[in-house]
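> the following block contains a protein sequence and its predicted model.
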Amino acid sequence: MTFNVDVFRREFRDLLERHNVSVGVNLEGDTHGLDQTFVVIESNGNGKEHELGPGRYVDQHDLK
């Protein structure tokens, strides 16, 4: 299967709209390095964050 970024963006946008959320990255760092955590942020006014996974990227294995 060939990756189609336009289809991915459309499906991702639809998913974000359906669940009324945003996706973000929390960055924390000091002189020893940088830590990233991907989060889903509720857009219903409370801004509650749900961690998807740590690291530079999230794949299907992180979402089990």
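Great, that's in hand.

> lowest average confidence across helices and strands of this protein, where is it?
strand 49-54 (a mean of 86; mean pLDDT, DSSP states H and E).

> what lines up beside that one in the sheet?
Note on strand 49-54: by DSSP bridges, its sheet partners are strand 33-42 (antiparallel).

> just the CA trace of the partner strand, in PDB.
What follows is strand 33-42 as a C-alpha-only set of coordinates in PDB (Å, rounded to 0.1, in the frame of the first residue of the first chain):
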ATOM      1  CA  GLY A  33      18.700  16.600  27.000                       C
ATOM      2  CA  LEU A  34      15.200  17.000  25.800                       C
ATOM      3  CA  ASP A  35      12.100  14.800  26.500                       C
ATOM      4  CA  GLN A  36       9.000  14.800  24.300                       C
ATOM      5  CA  THR A  37       5.600  13.300  25.000                       C
ATOM      6  CA  PHE A  38       2.800  13.200  22.500                       C
ATOM      7  CA  VAL A  39      -0.600  14.200  24.000                       C
ATOM      8  CA  VAL A  40      -4.200  14.400  22.900                       C
ATOM      9  CA  ILE A  41      -5.900  17.600  24.300                       C
ATOM     10  CA  GLU A  42      -9.600  17.800  24.900                       C
END
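
> tell me the buried residues in that strand?
The neighbour-count check on strand 33-42 (16 or more other Cβ atoms under 10 Å) flags 37-40 as buried. All C-beta spots, glycine's among them, are computed from the backbone N, C-alpha and C.

> surely Trp43 meets Val23?
Actually, residue 43 is Ser rather than Trp. No: using Cβ atoms under 8 Å, Ser43 makes no contact with Val23, being 10.8 Å away.
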